[in-house]
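K.L.:
need the 3D shape of this:
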Amino acid sequence: MKEKIHPKYVETSIRCACGNEFSVGSTRTGVSVEICSKCHPFYTGKQKLVDTAGRIERFRRKYAKFQDQTAKK
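P.N.:
Numbers count the residues shown, from 1 in each chain. Prediction:
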């Protein structure tokens with residue numbers, strides 16, 4: 001490998017929004033994620049709605065006028 005062109009590989013901690021924290025090797029330090037294997041529905045077996053920035057509400061507001069028009073007919 002060429003010297004002085006590769007990023008430094010360090011041991012860093014990954015922190016999830018649920019509070020879970022674990023260590024991995026990475027070129028970045030202090031990584032935070034929204035969902036991990038401890039809280040992801042696939043691994044937990046529980047259905048969980050992950051709503052980022054109110055996407056569902058925004059969708060309902062956007063298409064509410066179409067819902068009203070179809071109800072009148």
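
K.L.:
how about the helices in this structure?
P.N.:
Defined through DSSP state H, the helices belonging to the chain, from first to last, are 41-44, 55-72.

K.L.:
those into TSV, with extra columns for distance to residue 8 and mean pLDDT?
P.N.:
All C-beta spots, glycine's among them, are computed from the backbone N, C-alpha and C. Conversion of the helices of the chain to TSV gives the following (distance: least, C-beta to C-beta, whole Å; pLDDT from 0 to 100):
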stretch	distance to residue 8	mean pLDDT
helix 41-44	31	75
helix 55-72	37	76
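
K.L.:
among those helices, which is nearest residue 20?
P.N.:
Comparison of these against residue 20 by C-beta to C-beta identifies helix 41-44 as nearest, at 11.4 Å.

K.L.:
residue 26 contacts residue 8, doesn't it?
P.N.:
No - Residue 26 sits out of contact with residue 8 when judged by C-beta atoms under 8 Å, with a separation of 10.0 Å.

K.L.:
so which of the two has more stuff around it?
P.N.:
Remark: of residue 26 and residue 8, residue 26 carries more neighbours, 15 against 6, as counted by other C-beta atoms under 10 Å.

K.L.:
for the more buried one, give me its contacts.
P.N.:
Remark: with contacts taken as C-beta atoms under 8 Å, 6 or more residues apart in numbering, residue 26 is in contact with 9, 10, 12.
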